[in-house]
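Undergrad: this is the structure alone, sequence omitted:
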Ligand SMILES: Cc1cc2nc3c(=O)[nH]c(=O)nc-3n(C[C@H](O)[C@H](O)[C@H](O)COP(=O)(O)OP(=O)(O)OC[C@H]3O[C@@H](n4cnc5c(N)ncnc54)[C@H](O)[C@@H]3O)c2cc1C
């Protein structure tokens, strides 16, 4: 490979600012967020426009390089980390980060793919609108990244996954075609709904360059409660009560095991606002109307009167609510600081959550009493991060298989929101139905027959 020649061509197209090829500059682009996956690459291409992306795609094709799209690099599936071959070019969208248009009356926002989620939210909030895609890494994750992973987070039970926000996309395909645009149409049945094919495709079917997303009214009245419950079954009973009492204004219903909260206290020196108990819930409801406050209080009172709640408090201020959320959003970081873990991002039917937790916990204890479940997640989506501390490289694989087998016995999914990337590739090929795998491979072959885009992620490599 004529590396010097490729770099020269890249610089000719993107300019010096558009290419990073020195070891120090590339290092953060070569490692995943967990620090477990490392790869090699020729350079980081940093396009500033869609035309630049088209030019990089052409160059990669000409030289037979793979292209790995990168947003904020917060993937928990090692989706944005290159393999070890060195035959890839990284395509970072970080310079394409403009907010193109906020349509207040039309409830939409058009952005470039590298715009940071929280930056877009802040701009919307300043004009009374919101993009409720909330998770611990939304200060670094990009719009292209959340679209490409169909990211979830805390507000999915009310607003749905990222795909539900997508009104339109502009994308560059593997053959260099630019498709779509960012006209804010709320309805468009003129053909296949192809943007949804790119949603969750993890950079394997096309490079998202722009997106137009549906926004929502900013809820001026937000209530939050941090409550202790005895077990997951009680959490579910409380969820049902919340749905009945608060209705569609329920915006988050987050479950945290006491063990997970203790790791935040120990690893991050952040005290829980209420005494730690076996299971804790962060419940949020939000509305444009002040009436939510009375309704939320009466829901919590009813829960206490019914004996469902052992301890807890309603946030008395925005600061206190923010402290509740800091606790919740620190769980992943605290886990990473506590030690190596086997991550599981699973979903089961909501009603099956208590039985799933019991079955997976029992299976782990039988395998090795030293394994420590570190469980948290989104009750209203049936999605748990059933992570396991106390693993090493030798046991992680067995633990993954064991937990995923329990998930499969409930008809569940091995990736509720984080995606397959490279972390879950083997398990996806072990557990997904053949018909689904074949359909996916046919789509991949139709759009990217040469395997240019994000090689080694979601799809197994084709034998040469
Ligand atoms: C602390 C923490 C908490 C998290 N919590 C959640 C959570 O609650 N819910 C959740 O869903 N996720 C969560 N995540 C995972 C992660 O933040 C999301 O997957 C996020 O969507 C990734 O966005 P990103 O910009 O960082 O993308 P990257 O990590 O850079 O990339 C992710 C994938 O998208 C592809 N990609 C990126 N940009 C583009 C583009 N423009 N076009 C095509 N493909 C592209 C990449 O190739 C890769 O496959 C969390 C991560 C961390 C570190």
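TA: Alright, I've got the coordinates. Fair warning: this is a prediction, and the values are worked out from it, not measured in the lab.
Undergrad: burial of residue 431, as a residue count?
TA: For residue 431, the neighbour count with other C-beta atoms under 10 Å is 16. C-beta: built from backbone N, CA, C; applies to glycine.
Undergrad: contacts only, for it.
TA: Counting by C-beta atoms under 8 Å, 6 or more residues apart in numbering, residue 431 touches 404, 408, 414.
Undergrad: could you rerun that using 10 Å?
TA: If a contact means C-beta atoms under 10 Å, 6 or more residues apart in numbering, then residue 431 has 401, 404, 405, 407, 408, 413, 414, 424, 437 as its contacts.
Undergrad: SS state for the first one?
TA: It refers to residue 401. helix (DSSP: H, G, I helix; E, B strand; the rest coil).
Undergrad: now the closest residue to the ligand within the stretch 351-464 of the chain, nearest residue through space, not along the chain?
TA: Distances between the stretch 351-464 of the chain and the ligand by C-beta to the nearest ligand atom are smallest at residue 417, namely 3.5 Å. Leaving out its chain neighbours, the residue that sits closest to residue 417 by C-beta to C-beta, 6 or more residues apart in numbering is residue 152, at 3.4 Å.
Undergrad: give the buried residues for stretch 91-99.
TA: 91, 92, 93, 94, 95, 96, 97, 99 (16 or more other C-beta atoms under 10 Å).
Undergrad: rebuild the residues you listed as JSON lines, extending it with distance to the ligand.
TA: Shown next, in JSON lines, are the buried residues of stretch 91-99 (distance: C-beta to the nearest ligand atom, whole Å):
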{"residue": "91", "distance to the ligand": "8"}
{"residue": "92", "distance to the ligand": "8"}
{"residue": "93", "distance to the ligand": "5"}
{"residue": "94", "distance to the ligand": "9"}
{"residue": "95", "distance to the ligand": "12"}
{"residue": "96", "distance to the ligand": "8"}
{"residue": "97", "distance to the ligand": "11"}
{"residue": "99", "distance to the ligand": "15"}
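Undergrad: output those in TSV; the columns should cover secondary structure and distance to residue 263.
TA: Conversion of those to TSV gives the following (DSSP: H, G, I helix; E, B strand; the rest coil; distance: C-beta to C-beta, whole Å):
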residue	secondary structure	distance to residue 263
91	strand	35
92	strand	32
93	coil	33
94	coil	31
95	coil	36
96	coil	37
97	coil	33
99	strand	36
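Undergrad: make JSON lines out of those and add pLDDT.
TA: Conversion of the buried residues of stretch 91-99 to JSON lines gives the following (pLDDT from 0 to 100):
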{"residue": "91", "pLDDT": "98"}
{"residue": "92", "pLDDT": "98"}
{"residue": "93", "pLDDT": "98"}
{"residue": "94", "pLDDT": "98"}
{"residue": "95", "pLDDT": "98"}
{"residue": "96", "pLDDT": "98"}
{"residue": "97", "pLDDT": "98"}
{"residue": "99", "pLDDT": "98"}
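Undergrad: report the buried residues of stretch 179-196.
TA: Across stretch 179-196, burial judged by 16+ other C-beta under 10 Å covers 180, 182, 184, 195.
Undergrad: in strands only, show me the residues you listed.
TA: Among these, the members falling in strands are residue 180 (criterion: DSSP state E).
Undergrad: in helices, which of the buried residues of stretch 179-196 fall?
TA: For the buried residues of stretch 179-196, the ones inside helices are residue 195, with DSSP state H as the criterion.
Undergrad: how about the residues of the stretch 351-464 of the chain by the ligand?
TA: Counting by C-beta under 6 Å from any ligand atom, the stretch 351-464 of the chain comes close to the ligand at 417, 418, 421, 454, 457.
Undergrad: list the contacts of residue 297.
TA: Taking C-beta under 10 Å, 6+ apart as the criterion, residue 297 is in contact with 223, 225, 314.
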